[in-house]
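> Show me the folded form of this:
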Amino acid sequence: MTPAARSWLARPELARLWDRLHERLQRNGIAIRGRVLIPDASHAEREALALLMGRAYPAGTITIALADLDERLRSTAAGCGVADAVTELRGQLTNRPAQRRIWSASGVSPWQCRWPRSSVSRSAGESNRASNCSNRCMVSMNIPGSGSKPISTPSRWA
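Residues are numbered from 1 along each chain as shown. Here you go, the predicted structure:
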């Protein structure tokens with residue numbers, strides 16, 4: 001994405017769009033499907049969205065199809081898709097459905113990984129499962145010192 005395109009897309013009038021897209025993509029497993037709603041859009045938001053999407057929007061709730069936005073971004077100066085644009089503007093995307101599958105397969109809930117090891121008494125088997133879960137927790141959250149790259153990047157789960 002060029003600096004000029006990034007600057008234009010980072011406008012405050014588009015902030016709600018990027019926030020909602022960030023949340024939606026994480027919930028969808030970073031799949032470009034469905035729609036996002038921008039309720040009670042201000043005049044400035046409607047104007048910015050109209051320029052971005054190439055169509056006029058009336059007052060009230062605006063509905064944006066992710067596939068249409070993805071196509072539009074790829075064909076403009078942004079030169080990238082929705083997932084890449086959202087990552088650049090709002091930070092790394094996490095594939096939440098995949099993370100839930102990891103937690104489910106580990107046999108330990110994500111909440112158990114958050115307790116300090118010394119504060120919870122466990123049997124030997126529980127201790128090993130919790131230790132493995134903690135390691136996966138650190139890797140999947142990209143905690144420094146975990147020795148791994150994050151597993152939940154858009155390119156990995158696309």
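
> Sketch out the strands for this structure, chain order is fine.
35-41, 60-65 (DSSP state E).

> Nearest to A83, out of these?
Closest of these to A83 is strand 35-41, at 13.4 Å (criterion: CB to CB). Where C-beta positions appear, they are placed from N, C-alpha and C, glycine not excepted.

> what angle do the closest one and strand 60-65 make?
If you take axes from the mean of the first three to the mean of the last three CA atoms, to 10 degrees, strand 35-41 sits at 160 degrees to strand 60-65.

> Which residue ranges make up each domain of the chain?
3-90, 96-157 (automatic domain parsing).

> Where does the prediction get shaky in the protein?
For the chain, the stretches flagged by pLDDT under 70 are 107-158.

> export the strands of the chain to TSV and tack on distance to C80 and mean neighbour count?
TSV is the format used below for the strands of the chain (distance: least, CB to CB, whole Å; neighbours: other CB atoms under 10 Å):
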stretch	distance to C80	mean neighbour count
strand 35-41	18	15
strand 60-65	17	15
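
> With distance to W18 added, can I get those strands in CSV?
Below are the strands of the chain laid out as CSV (distance: least, CB to CB, whole Å):
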stretch, distance to W18
strand 35-41, 10
strand 60-65, 11
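
> Among those strands, which comes closest to L21?
strand 35-41 (5.8 Å).

> What lies in contact with the closest one?
16-17, 20-21, 24, 45, 49, 57, 59-66 (CB atoms under 8 Å, 6 or more residues apart in numbering).

> Parallel or antiparallel, list what pairs with that strand.
Within its sheet, and counting by DSSP bridges, strand 35-41 is paired with strand 60-65 (antiparallel).

> Who's the closest spatial neighbour of R16, skipping the chain neighbours?
Once flanking residues are discounted, R16 sits nearest to I38: 5.6 Å by CB to CB, 6 or more residues apart in numbering.

> quick one: that neighbour and T87, what's the gap?
With distances taken as CB to CB, to the nearest Å, I38 is found 20 Å from T87.
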